[in-house]
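**Q** Sharing a model prediction with you, sequence too.
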Amino acid sequence: MSLAKLQSHELIRKAIHLSSSIIPLSYWFLFERHFTLQVVIFLALGFLTADFLRLRSDGIEKLFMRIFGSALRQHEKKNLTGATYVFTGSVVAIFLFPKEIAVPALLILSISDTLAALIGIPFGKHKFLKKSAEGSTAFFISTAVILAIYFPESIIINIIIAAIVTLAEAYPMNLDDNFLIPILSGTLLSLASLL
């Protein structure tokens with residue numbers, strides 16, 4: 001396996017995915033919850049509207065595919081895009097969880113999911129559920145690091161949460177992981193805060 005397996009469209013996807021970290025980072029360092037939620041709701045509605053229109057209009061679909069088609073995976077061409085799930089998941093996470101939980105949950109989505117693909121696609125040789133062991137290892141380590149930054153006193157709990165979220169990301173499910181990851185991460189962190 002080599003880096004050649006990371007085709008240009010996948011690199012574009014991952015660059016966009018990684019750039020979504022601007023949401024939790026700006027929430028953490030710059031903006032309060034209400035403003036951040038308004039912005040993310042606006043983006044989510046925009047992407048939902050774009051998906052709705054392109055799935056119902058051949059003309060809009062052709063225009064959409066001309067602009068964004070190279071970055072779409074096959075299953076997204078007739079369904080919601082990953083970006084729509086990212087922003088929808090961000091809305092739910094910011095709405096449901098306090099900042100100190102929503103931010104790391106969203107960083108796991110943008111950073112760990114990106115690293116899993118950047119490692120797993122070119123270097124993955126061993127199957128792990130529906131992903132590769134190499135990609136899932138990258139996901140687990142980066143998730144554990146993010147959690148250690150935000151919750152340095154909870155090493156064992158961080159490792160358990162990282163393992164559960166890694167399993168969920170690798171397990172074959174119908175729910176898009178761009179939506180699942182931040183909600184599951186936030187829920188587990190919320191439960192851990194009660195201990």
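**A** On my side now, so go ahead.
**Q** Now do the strands in this structure.
**A** All strands of the chain, identified by DSSP state E, fall at 127-128, 131-132.
**Q** deepest of those, which one?
**A** Neighbour counts (mean count of other CB atoms under 10 Å) averaged over each of the strands of the chain peak at strand 131-132, with a mean of 22. Every residue, glycine included, has its C-beta placed from N, CA and C.
**Q** Just the pLDDT for the residue sitting nearest the centre point of the chain.
**A** Nearest to the geometric centre of the chain sits Leu109, at 3.1 Å (CA atoms, centre = their mean). pLDDT for Leu109: 97.
**Q** Only C-alpha atoms, please: export the lowest-mean-pLDDT helix or strand in the chain in CSV.
**A** Least confident helix or strand, the chain: helix 58-68 with a mean of 78, by mean pLDDT, DSSP states H and E. Output of helix 58-68 as CSV, limited to C-alpha atoms (Å, rounded to 0.1, in the frame of the first residue of the first chain):
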residue,chain,number,x,y,z
ASP,A,58,-31.8,17.2,-12.4
GLY,A,59,-30.5,20.6,-13.3
ILE,A,60,-29.4,21.5,-9.8
GLU,A,61,-27.9,18.0,-9.4
LYS,A,62,-25.8,18.5,-12.6
LEU,A,63,-24.6,21.9,-11.3
PHE,A,64,-23.9,20.5,-7.9
MET,A,65,-22.0,17.5,-9.3
ARG,A,66,-19.9,19.8,-11.6
ILE,A,67,-18.8,21.8,-8.6
PHE,A,68,-18.6,19.2,-5.8
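**Q** Contacts for it, please.
**A** Residues outside helix 58-68 that contact it (CB atoms under 8 Å, 6 or more residues apart in numbering): 50, 53-55, 72, 77, 81.
**Q** State which helix of this protein is the longest.
**A** Assignment by DSSP state H gives helix 33-54 as the longest helix of the chain.
**Q** measure the most far-flung residue of the chain relative to its centre to Thr84 for me?
**A** Relative to the mean C-alpha coordinate of the chain, counting by CA atoms, centre = their mean, the farthest residue is Gly59 (29.5 Å). Distance, Gly59 to Thr84, by CB to CB, to the nearest Å: 20 Å.
**Q** same deal with Ser112?
**A** Computed as CB to CB, the Ser112 to Thr84 distance reads 20 Å.
**Q** Ok, which of the strands of the chain comes nearest Val92?
**A** Ranking the strands of the chain by proximity to Val92 (CB to CB) places strand 131-132 first, at 23.5 Å.
**Q** Which strands or helices does the closest one pack on?
**A** helix 113-123 (3 or more CB pairs under 8 Å, 6 or more residues apart in numbering; DSSP states H and E).
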